[in-house]
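>>> Okay, structure incoming, though there's no sequence with it:
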């Protein structure tokens, strides 16, 4: 298989995994993912990402803290270090709703079931049952470009994990509880929380594994100027 075929397969097969087996991933396997992701490109080679891998009993305590924070601030603007979107409009709103209803249908949440949708939302802060979560932060002084570099790192992490048979789910939702993350990890003021990545061995029998989100064709995203 050519290098291009390999990267194309990884990009095509990768999905946001929302159902995991309980077994933890071996530390050396996690370190393989981290070592590969560390080669991510960054502006001026700043490499602004810092990564906290939270597992086991610590992960359970973090989950509890996140849920408590989200419930206490429900209905208020997300207390995140980077602003969440002001609105979803046009095709962005259409894509967001499509994938949301694909997920809800797969896990048995019917339209209008507010309790069911709220419970599914809270699964974000339980890391969808994954045995590990990586919390990604950037340096405050690097601003939005530090966050962009971290986005590249997140993609590298997920592709490396996919190559090793692991499931991942990048979660901006974790940033909704940034105060709890900051306190739990004792982050200095110089760090900004970007997102989390839940990861582990995927459960192929989980209902959420039964759908794949669609991607727009390139002519919906690319303009050639000759």
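That came through fine. All values reported here derive from a predicted model rather than from experimental measurement.
>>> Pull out the buried positions in the helix or strand bottoming out on mean pLDDT in the chain.
Lowest mean confidence among the helices and strands of the chain (mean pLDDT, DSSP states H and E): helix 114-122, at a mean of 84. Across helix 114-122, burial judged by 16 or more other CB atoms under 10 Å covers 117, 120. Every C-beta, even on glycine, is put in place using the N, C-alpha and C of the backbone.
>>> What's the first helix or strand after that helix?
Next in sequence after helix 114-122, counting helices and strands by DSSP states H and E, comes strand 132-139.
>>> now the helix or strand just after that following strand against strand 132-139, angle please.
As assigned by DSSP H and E, the chain's next helix or strand after strand 132-139 is helix 143-163. Counting by axes from the mean of the first three to the mean of the last three CA atoms, to 10 degrees, helix 143-163 lies at 150 degrees to strand 132-139.
>>> what pLDDT does the residue lying closest to residue 24 once chain neighbours are set aside get?
The shortest distance from residue 24 to any non-neighbouring residue, by CB to CB, 6 or more residues apart in numbering, is to residue 131 (4.5 Å). Confidence at residue 131, expressed as pLDDT, is 98.
>>> Kindly provide the distance from residue 131 to residue 224.
45 Å (CB to CB, to the nearest Å).
>>> residues touching the nearest residue to residue 108 once chain neighbours are set aside, list them.
With sequence-adjacent residues excluded and distances taken as CB to CB, 6+ apart, residue 108 is closest to residue 207, at 6.8 Å. Contact analysis of residue 207 by CB atoms under 8 Å, 6 or more residues apart in numbering lists 19, 106, 107, 108.
>>> To what extent is residue 171 buried, counted in neighbours?
For residue 171, the neighbour count with other CB atoms under 10 Å is 23.
>>> On the strand side of things, show who the residue nearest to it when sequence neighbours are not counted bridges to.
In space, and not counting its chain neighbours, residue 171 is closest to residue 196: 4.6 Å by CB to CB, 6+ apart. Here residue 196 sits in beta bridges with residue 135, residue 171, going by DSSP bridges.
>>> these two touch, right, residue 196 and residue 137?
No. Residue 196 is beyond contact range of residue 137, at 10.3 Å (criterion: CB atoms under 8 Å).
>>> Now for these two: what residues contact both?
By CB under 8 Å, 6+ apart, no residue touches both residue 196 and residue 137.
>>> Filter the contacts of residue 207 down to the buried ones.
Applying 16+ other CB under 10 Å to the contacts of residue 207 flags 19, 106, 107 as buried.
>>> Relative to residue 193, how far out is the last one?
Right, the one you point to is residue 107. With CB to CB as the criterion, residue 107 and residue 193 are 27 Å apart.
>>> For residue 189, which residues are in contact?
Residue 189 neighbours (CB under 8 Å, 6+ apart): residue 140.
>>> repeat that with 10 Å
With contact set as CB atoms under 10 Å, 6 or more residues apart in numbering, residue 189 has these partners: 140, 182.
>>> so it, which of the three states?
coil (DSSP: H, G, I helix; E, B strand; the rest coil).
>>> next one: the one 5 residues further on
In the three-state summary, residue 194 is assigned as strand, counting by three-state DSSP.
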